[in-house]
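Trainee: here is a sequence together with a model predicted from it:
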Amino acid sequence: MAELELAPLSVDDAPGLFAFEVKNRLWFEKHVGPRPDTYWNLAALTDIVREQVEAGEMMFLLKIGGRIAGRVNVTAVEGGVAQLGYRVGQAYTGQGIATRAVAMACQAACDRGVWALEARVLLDNIASKRVLEKVGFIRTGNTKVGDLDCETFRRDLDQD
């Protein structure tokens with residue numbers, strides 16, 4: 001398998017990201033909350049990506065051999081703590097990609113001064129819980145995101 005690349009999201013990625021999201025829509029909606037309807041229009045998604053890039057959010061694409069395999073986002077940085085979100089396309093599951101990607105995102109966040117990452121996972125998403133635990137996240141409790149029941153996780157990052 002080709003090397004996994006954590007590539008900063010750019011506006012030029014919008015068409016490929018759109019195709020990736022459409023291809024994996026049903027798969028993702030089994031594991032995370034659904035995207036808003038505006039996300040399913042290329043022009044609207046391009047605007048969303050432009051806003052994210054201009055805001056300086058830490059949005060990354062996971063690429064293998066130049067193809068999008070997933071994405072990782074580090075957002076809402078406040079007081080050195082940020083929120084981690086990630087998704088891997090169905091064709092790339094079970095290969096350790098999510099674990100490697102989350103570890104890479106932790107390092108990228110640390111390099112940008114983030115002290116801790118928090119993540120929320122649907123209660124029945126066992127695979128995502130395992131990914132977080134493998135890279136040092138600890139379970140901190142439960143919460144609701146809209147009407148979805150989630151577990152919360154946190155990892156303090158090394159600032160050496």
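Mentor: Great, that's in hand.

Trainee: quick one: the strands in the protein?
Mentor: Here the chain has its strands, by DSSP state E, at 4-8, 58-64, 67-78, 81-88, 116-122, 138-145, 148-156.

Trainee: including mean pLDDT, mean neighbour count and distance to residue 96, could those strands go into a markdown table?
Mentor: For the C-beta atoms, the positions are set from N, CA and C on the backbone; glycine is no exception. Formatted as a markdown table, the strands of the chain follow (pLDDT from 0 to 100; neighbours: other Cβ atoms under 10 Å; distance: least, Cβ to Cβ, whole Å):
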| stretch | mean pLDDT | mean neighbour count | distance to residue 96 |
| --- | --- | --- | --- |
| strand 4-8 | 94 | 15 | 9 |
| strand 58-64 | 95 | 21 | 12 |
| strand 67-78 | 91 | 18 | 12 |
| strand 81-88 | 93 | 20 | 10 |
| strand 116-122 | 95 | 20 | 18 |
| strand 138-145 | 93 | 11 | 21 |
| strand 148-156 | 94 | 17 | 18 |
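
Trainee: what residue is smack in the middle of the chain?
Mentor: residue 86 (2.0 Å; Cα atoms, centre = their mean).

Trainee: ok, the residue lying closest to it once chain neighbours are set aside - contacts?
Mentor: Leaving aside its sequence neighbours, residue 86 sits nearest to residue 72 (Cβ to Cβ, 6 or more residues apart in numbering; 4.4 Å). Each residue near residue 72 by Cβ atoms under 8 Å, 6 or more residues apart in numbering is listed here: 6, 60, 62, 84, 85, 86, 101, 102, 104, 105.
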